[in-house]
Every structure is written in C-alpha cells, then in structure tokens.
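Engineer: Take this sequence and fold it.
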Amino acid sequence: SNNRDLQSCVASSSYLGCFRDRNNNRAMSYEVDGRSHSALECESACVDMGYAYFAREWRGQCFCSNDSDYDKHGEAEYCDCCGDNVGGNSMCVWKTGETAPGCDGNGAPSAPYLGCYKNRNKDRALPYQVKGRNHSAKDCEDACREMGMKYAAREWRGQCFCSNDGDFNLHGSASGCNCCGSNVGSRKMCVWQV
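Structural biologist: Below is the predicted model:
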C-alpha cells in the first residue's frame, strides 16, 4: 500500500509503520473484542477510549495502547493495512490525533504534534541545537528525548532544536510547514512534545 492509501482508510491518524507482534507477548495492551474491524472502526474504538495508538492485525483484530513501544518486536516485512488480512504476526500502527504536514507514513515521530511555528535565527524559540542537518523528524524526536528535553523542533534542511521551555510559539504560528520533508520551510519549525 502506498502512504496515501494508508491515510485514506483512517479518519485523522498518522501511520507509523508495519511491525511484528507476538500472540504470547502483545506489543499493545488492550484488545477490542471481535475481529473483522476495519482500520476506521479500530481508530474510532481506540480514540473513543482515549488511547494514543492503535493497531490493526491479522483478520481485523484491533489493539489500543498509550505506550510508544509498539515496535518492541521490530519491523515487519509486509502489511496489508487496509485489507481484510493485515498478515500473520504483523500489525499496522497509527498515532491518533493531528498529523504533522508532510509526515503521512514518512518517518513521523510518535510524539504528539504541536504545530507549525515561526522561528528566528538570532532569537531561537528552542535554544538547544542537535549538531548537523538532515535529521529526520523521528531522529530529532529521539535526540531531544535522549537529552531529557520536553520539546523537539525540526527546521530548515533538517535542523533539530530542543527545549524544556513551552514557549515554542514565541514568534507566532506559521503555515505551510513540510514537517518530514527535506526542507521544512524558511524560518519555520514543526514542534513535537517528547
């Protein structure tokens, strides 16, 4: 399935990937009763119960979780996420909530997306820079989390900034961010809460 298909079978969640699962050691804690759940039905059930992640497995089994360790058994080779049978011991995982622009199944962070904001080179809203450029959004999230920071921002050409301070909206909101693309946009940043 291409990424557009993976977004069209759910209402508003971000596709995170195809992962392995085990019957005797589930990656997600809660199972919705029954089988033959469509991705949309699974999304709706998990969102209604307040879960942050949902997965569709084998013959339409549906699982929900608030833990981001859905990938604890590693990536799976193939998933038919929107079809009748996802695949044996495989699950398609989505993050509920708003999707960061340009991140539909494209290395999207698992952290909650907070929005697209303006930034200034001489007055950074997030002061701690991760060295280098070309960081993926997921790499930026991971780097900021490892530093013990609460917020991660990806900017122009994959620059990554972190902060514990919630004033990421210091310079106001922006539009037109391509959060997971090669260039987020000039003087713009996509912010996630890690």
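Engineer: mind listing what W94 touches?
Structural biologist: Taking C-beta atoms under 8 Å, 6 or more residues apart in numbering as the contact definition, W94 lies against V10, S13, S14, Y15, L16, A39, E43, Y53, F54, A55. Every C-beta, even on glycine, is put in place using the N, C-alpha and C of the backbone.
Engineer: With adjacent residues omitted, what lies nearest to it?
Structural biologist: Distances taken as C-beta to C-beta, 6 or more residues apart in numbering put S13 closest to W94, at 3.9 Å, once the chain neighbours are dropped.
Engineer: Isn't that neighbour up against E98?
Structural biologist: No. The pair S13 / E98 is not scored as a contact, 9.2 Å apart, by C-beta atoms under 8 Å.
Engineer: Among these two, which residue is more densely surrounded?
Structural biologist: Relative neighbour count places S13 above the other of S13 and E98, with 25 against 13, counting by other C-beta atoms under 10 Å.
Engineer: show me the contacts for that one.
Structural biologist: Residues near S13 by C-beta under 8 Å, 6+ apart: E43, V47, F54, W94, K95, T96, G97, T99.
Engineer: Mind pulling up the pLDDT for it?
Structural biologist: We have a pLDDT of 81 for S13.
Engineer: And N3, by the same measure?
Structural biologist: Predicted confidence (pLDDT) at N3: the value is 49.
Engineer: Same check on L6?
Structural biologist: L6 is assigned a predicted lDDT (pLDDT) of 71.
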